[in-house]
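1. have a look at this fold, sequence not included:
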Ligand code: SF4
Ligand code: ZN
């Protein structure tokens, strides 16, 4: 006999391990949307926003985030648009960009692109060539992408940048910050981020409480077209080891990631108070917000001869 959904009579398609609840696709979709909408409202992510931009890569999380949050913009009359960054990774990024464009069209939002090549004069592939090894590709990619997203979101007039980071991403970042032993960074990592600057577009993460497995299920149940390919540089990042470790712990003890993240959030709130005096200033070269001197993006560009 088929196992039934706990909330209707349809066939169950997902057993949520930590709660024991069984869902059909429709009831799962409703429940996930409700959880995300509640977090968006509770944390006032877009309540006073006039213009919010979604950073969409075309992957499973950013496309799900757009599908779930865009209707809220229509209800609240918040203007919204989509921004995609083309890092320039041959054989990989093109597919994601196609999906991002399609997702923007499905939500009836304007689609904007920015690229490493146009902005820095070199794509990620040629930066990796200059480095002579793919080992630090993710460091360059992450820092330069954040720089572009902030600059373009601001130039477009946005007052929020909505990203698709999920619970797994955030737990990994939290553990990485602890391992790096950088308390100022930890202070900036949680929801209590207090260092601010008028040129920094505030970022919000509606999927912060949702495991990556559930965003993928949302995509599948709602037939969203997402790019599931792997980046050729992904295997070299230290984050992979942290991810494997956390996945192993979660496998043995479901909800470990969410309880770890909420503990780190409480810690980061304390650190945020300690570092309340810290102020962001403008980078001495590009003018983007930074903790002091030349920003990380400019330092990295300089290190590969692009400045
Ligand atoms: Fe960039 Fe690394 Fe992600 Fe590839 S895996 S897109 S290099 S951050
Ligand atoms: Zn700079």
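-> Nice, I can see it. Everything numeric in this text was worked out from a predicted model, so none of it was measured. Residues are numbered from 1 along each chain as shown. Ligands and ions are numbered 1, 2, ... in the order given.
2. ligand 1 contacts on the stretch 101-250 of the chain?
-> 137, 138, 141, 142, 231, 233, 234, 237 (CB under 6 Å from any ligand atom). Just so you know, the C-beta spots here come from the backbone N, C-alpha and C atoms, and that holds for glycine as well.
3. neighbours of the closest residue to the second one other than its chain neighbours, just the number please.
-> Leaving aside its sequence neighbours, residue 138 sits nearest to residue 237 (CB to CB, 6 or more residues apart in numbering; 4.0 Å). Using other CB atoms under 10 Å, residue 237 is surrounded by 20 other residues.
4. for the stretch 51-200 of the chain, which residue gets nearest to ligand 2?
-> residue 147 (7.3 Å; CB to the ion).
5. ok, back up a step: nearest to residue 114, of the residues of the stretch 101-250 of the chain next to ligand 1?
-> Here the nearest of these to residue 114, counting by CB to CB, is residue 141; it sits at 13.7 Å.
6. which outside residues touch the helix or strand containing the closest one?
-> Element membership for residue 141 (DSSP states H and E) is helix 137-155. Residues outside helix 137-155 that contact it (CB atoms under 8 Å, 6 or more residues apart in numbering) are 53, 55, 83, 85, 87, 112, 114, 116, 119-120, 124, 127-128, 131, 161, 199-201, 233-234, 236-237, 239, 286, 288-289, 295-297, 300-301, 304.
7. make a ChimeraX selection of the buried ones in the residues you listed.
-> Selection of buried members from these for ChimeraX, criterion 16 or more other CB atoms under 10 Å:
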select :53,55,83,85,87,112,114,116,119,120,124,127,128,131,161,200,201,233,236,237,239,288,289,295,296,297,300,301,304
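8. okay, and which of the contacts of helix 137-155 map to strands?
-> If you go by DSSP state E, these have 53, 55, 83, 85, 112, 114, 161, 289 in strands.
9. which one among those residues gets closest to ligand 1?
-> Closest approach between those and ligand 1, by CB to the nearest ligand atom: residue 85, at 9.5 Å.
10. that closest one contacts residue 112, correct?
-> No - judged on CB atoms under 8 Å, residue 85 makes no contact with residue 112 at a distance of 9.8 Å.
11. tell me where the model's unsure across the stretch 201-307 of the chain.
-> 275-278 (pLDDT under 70).
12. how about stretch 52-70: buried residues?
-> Result for stretch 52-70 [16+ other CB under 10 Å]: buried residues 52-70.
13. same deal with stretch 254-261?
-> So for stretch 254-261, counting by 16+ other CB under 10 Å, buried means 256, 257, 258, 260, 261.
14. for stretch 146-155, same thing?
-> For stretch 146-155, by 16+ other CB under 10 Å, it's 146, 147, 148, 149, 150, 151, 152, 153, 154.
15. next one: that stretch to chain centre, how far?
-> The chain centre lies 14 Å from the centre of stretch 146-155; the measure is CA atoms, centre = their mean, to the nearest Å.
16. and stretch 138-158, by the same measure?
-> 12 Å.
17. what residues are bridge-paired with residue 84?
-> residue 113 (DSSP bridges).
18. so it is in contact with residue 110, correct?
-> No - assessed by CB under 8 Å, residue 84 is found out of contact with residue 110, at 11.7 Å.
19. the more surrounded of the two?
-> residue 84 (26 against 13).
20. residues from this structure in reach of ligand 2?
-> Taking CB under 5 Å from the ion as the contact definition, the chain meets ligand 2 at 283, 285, 286, 295, 298.
21. could I get those as a markdown table with distance to residue 15?
-> Shown next, in a markdown table, are the residues of the chain next to ligand 2 (distance: CB to CB, whole Å):
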| residue | distance to residue 15 |
| --- | --- |
| 283 | 49 |
| 285 | 53 |
| 286 | 49 |
| 295 | 46 |
| 298 | 49 |
